[in-house]
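Asks: no FASTA, just this:
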């Protein structure tokens with residue numbers, strides 16, 4: 001037997017799918033939870049295809065339908081005279097036989113039209129639209145009375161009633177809620193197999209809000225904010241924010257209302273609406289203009305646009321959120337804006353450092369920062385990003401090739417570094433590192449012995465072990481980390497640690513995930529300075 005616990009695949013219905021089904025005159029059954037826009041998406045597209053409702057297509061709400069008034073027709077005699085009680089009883093009898101399955105619609109039609117001994121025959125007055133529409137959309141089909149569903153069966157399959165063709169009818173679509181939803185217990189009936197089988201296309205509609213629909217309704221900016229916000233909701237909260245309720249929420253916020261009034265149940269389940277409210281209210285023509293410029297990739301227009309303070313203020317939060325926006329807009333900004341963002345935003349700092357060779361604005365900003373920063377690690381990263389090697393000299397002259405590169409510890413070797421480490425360990429063994437000044441001197445010797453070139457991972461481990469046991473976390477370590485002397489390369493404890501970690505990272509045999517266990521004191525110190533601890537934290 002088939003596994004009835006397996007759920008059918010759910011689909012996001014797109015406009016082009018609706019057009020395809022219409023073009024090929026398919027009957028379509030849409031199955032899905034409340035508020036996900038099943039009927040609305042069809043009606044919106046049908047308005048485009050057929051024109052306004054009532055002319056070439058008709059919307060019907062199944063729970064309100066009457067099988068006779070709305071489909072089979074109101075009986076009358078062939079000459080317009082009143083129908084006799086006998087004929088009415090005959091109609092009721094035929095209707096009961098149809099409902100009990102004892103009489104087909106075809107046979108019923110023949111009986112109703114029969115004339116015996118000159119008796120008047122019956123004809124039926126039906127709604128005019130039945131003979132003019134090409135498509136019918138029946139909403140909430142499984143909430144209708146069984147009589148309605150029985151009356152519709154022939155119209156759905158054969159586009160006729162009692163054998164009489166309905167002029168232009170080409171397709172019948174319907175929307176229903178699932179009858180077996182465990183989270184929402186809908187007051188619905190199960191469609192029988194015969195009714196369901198009359199719909200060649202059967203779509204289980206996804207509950208997610210459609211970006212396409214929200215973009216058409218509210219614009220792409222609000223749509224992106226709303227759909228992203230919905231996907232980030234806690235699972236329990238999502239149940240209380242259907243796409244229909246999300247649409248209500250957006251409209252209410254745009255009018256100045258509070259989200260609490262629209263989604264109290266979702267908020268009780270952990271939803272936070274403040275960020276969405278801010279996004280919706282900040283949507284403006286300025287941001288739309290920003291996106292049009294981005295789409296056109298017009299650098300000249302972008303430079304003039306973002307130079308205006310009101311445009312910058314309205315757009316910067318959106319720019320910082322998206323990588324493509326940052327990559328396009330950042331080089332177009334005034335250098336003082338780039339410098340400010342470089343200082344406060346890690347993503348901007350990484351972008352400027354990685355793309356410095358491509359943009360003169362980035363190079364100008366980095367040169368100024370290098371001259372003024374007291375962060376030796378950052379100065380080394382700036383030198384590296386501009387392709388000037390591992391040095392920490394004055395970039396202003398070096399960028400023009402007019403000044404020699406500061407050699408620092410170019411003449412030192414790994415053995416010199418090991419000798420400095422051995423000396424520090426020997427002093428520690430002799431209890432000669434008790435005084436702050438002695439520890440500073442021991443660290444200074446290690447720092448000054450670091451060579452410019454390659455450092456073996458085993459040597460790096462020896463240095464880190466010495467710092468772990470005798471130096472890191474001491475009061476002077478912070479002082480040394482802050483110390484910055486122009487022209488010298490490894491001034492601080494953090495810079496030295498970074499250099500050793502870099503050497504470890506080059507050794508594939510060393511698992512960097514062990515670093516915090518191998519050097520716990522050093523790790524804690526680096527956590528305190530995590531914004532500068534580049535090689536491990538990035």
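Replies: On my side now, so go ahead. What you see is a predicted model; the values in this text were computed from it and never measured. Numbers count the residues shown, from 1 in each chain.
Asks: and residue 176, how many neighbours?
Replies: A total of 24 residues lie near residue 176 under the criterion other C-beta atoms under 10 Å. Using the backbone N, CA and C atoms, a C-beta is placed for each residue, glycine as well.
Asks: Looks like it contacts residue 31 (just checking).
Replies: Yes: counting by C-beta atoms under 8 Å, residue 31 is a contact partner of residue 176 at 5.6 Å.
Asks: shared neighbours of the two, anything?
Replies: Common neighbours of residue 176 and residue 31 are not found (criterion: C-beta atoms under 8 Å, 6 or more residues apart in numbering).
Asks: Domains of this structure: list them as residue ranges, please.
Replies: Domains of the chain are assigned by automatic domain parsing as 10-73+126-205, 211-282, 414-537.
Asks: for the stretch 151-300 of the chain, what spans make up the helices?
Replies: 193-196, 211-218, 220-231, 235-238, 243-254, 264-268, 274-282, 285-296, 299-307 (DSSP state H, counting those that start in this stretch).
Asks: Let's check: the centremost residue of this protein is which one?
Replies: Computing the C-alpha centroid of the chain and ranking residues by C-alpha atoms, centre = their mean puts residue 228 first, at 4.0 Å.
Asks: What distance do you get for that one to residue 275?
Replies: Residue 228 sits 10 Å away from residue 275, taking C-beta to C-beta, to the nearest Å as the criterion.
Asks: Which helix or strand lies directly C-terminal to the helix or strand bottoming out on mean pLDDT in the chain?
Replies: Every helix and strand of the chain was ranked by mean pLDDT, DSSP states H and E. The lowest is helix 395-398, at a mean of 39. Proceeding N to C from helix 395-398, the next assigned helix or strand is helix 414-429, under DSSP states H and E.
Asks: Contact partners for residue 214?
Replies: Shown in contact with residue 214 (C-beta under 8 Å, 6+ apart): 222, 223, 226, 227, 246, 247, 250.
Asks: how about JSON lines for these, with distance to residue 362 added?
Replies: Below are the contacts of residue 214 laid out as JSON lines (distance: C-beta to C-beta, whole Å):
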{"residue": "222", "distance to residue 362": "33"}
{"residue": "223", "distance to residue 362": "33"}
{"residue": "226", "distance to residue 362": "35"}
{"residue": "227", "distance to residue 362": "33"}
{"residue": "246", "distance to residue 362": "40"}
{"residue": "247", "distance to residue 362": "43"}
{"residue": "250", "distance to residue 362": "38"}
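Asks: Which one of the residues you listed is nearest to residue 467?
Replies: The nearest member of the contacts of residue 214 to residue 467, counting by C-beta to C-beta, is residue 227 at 49.7 Å.
Asks: Quick one: end-to-end distance for stretch 425-439.
Replies: Stretch 425-439 has its terminal residues 11 Å apart, counting by C-alpha to C-alpha, to the nearest Å.
Asks: which of the residues in that stretch are buried?
Replies: 425, 427, 428, 433, 438, 439 (16 or more other C-beta atoms under 10 Å).
Asks: low-confidence ranges in the stretch 301-450 of the chain?
Replies: Applying pLDDT under 70 to the stretch 301-450 of the chain flags the ranges 387-410, 436.
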